[in-house]
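Chemist: Model the structure of this input:
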Amino acid sequence: MPDHHPLMYGFPAVVSIPVQWGEMDAYGHVNNTVFFRYFETARIAFLELCGFIEAYEELKVGAILHSTSCRFRLPLFFPDTIEVGGRATEIGEDRFVMEYRVVSLDQNAVAAEGNGVIVSFDYTKRMKAPIPSGIRQKLEALSGK
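Modeler: Okay, here's the model as predicted:
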């Protein structure tokens, strides 16, 4: 991974995001709900890497968020730049678990960690579907399995 913070080691999808003034709440730090948008940005970057974005365009099979959670470790403040990483940790027949990490470059530390369950979804049939084989291969390669 070129030029990413060492705490991002092992995350194949890493995005750099400047903290915005408007993301702060009345207590002067980034509001907790914003972290889920950060996770979403890393998730989309990861879905592009493994081919889920392209699969939706071709097969109408895509990814849908089943559930997500966050463990807040440090508050974030403006100004700062963060790196957000995403990776697959468990791969099932029709779903996989993503792990997220948010690193504050100003604080040189992990600000939050989270996970999400991503389900393969057939948007034509409107139901879950097996992960397409090409995407499964990329998921396994990206996760080192």
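Chemist: Phi first, then psi, for Gly28.
Modeler: With angles defined as degrees, to the nearest 10, Gly28 sits at phi 90, psi 10.
Chemist: With adjacent residues omitted, what lies nearest to it?
Modeler: Phe77 (7.0 Å; C-beta to C-beta, 6 or more residues apart in numbering). Quick note: C-beta positions are derived from backbone N, CA and C, even for glycine.
Chemist: Secondary structure class of that neighbour, three-state.
Modeler: coil (DSSP: H, G, I helix; E, B strand; the rest coil).
Chemist: Tell me the confidence at it?
Modeler: Listed pLDDT for Phe77 reads 98.
Chemist: all numbers from here: first residue = 21
Modeler: OK, 21 is where the count begins now, so the last one is Phe97.
Chemist: Buried residues, the longest strand anywhere in the chain. List them.
Modeler: As assigned by DSSP state E, the longest strand anywhere in the chain is strand 129-142. Going by neighbour count (16 or more other C-beta atoms under 10 Å), the buried part of strand 129-142 is Val130, Ala131, Ala132, Glu133, Gly134, Asn135, Gly136, Val137, Ile138, Val139, Ser140, Phe141.
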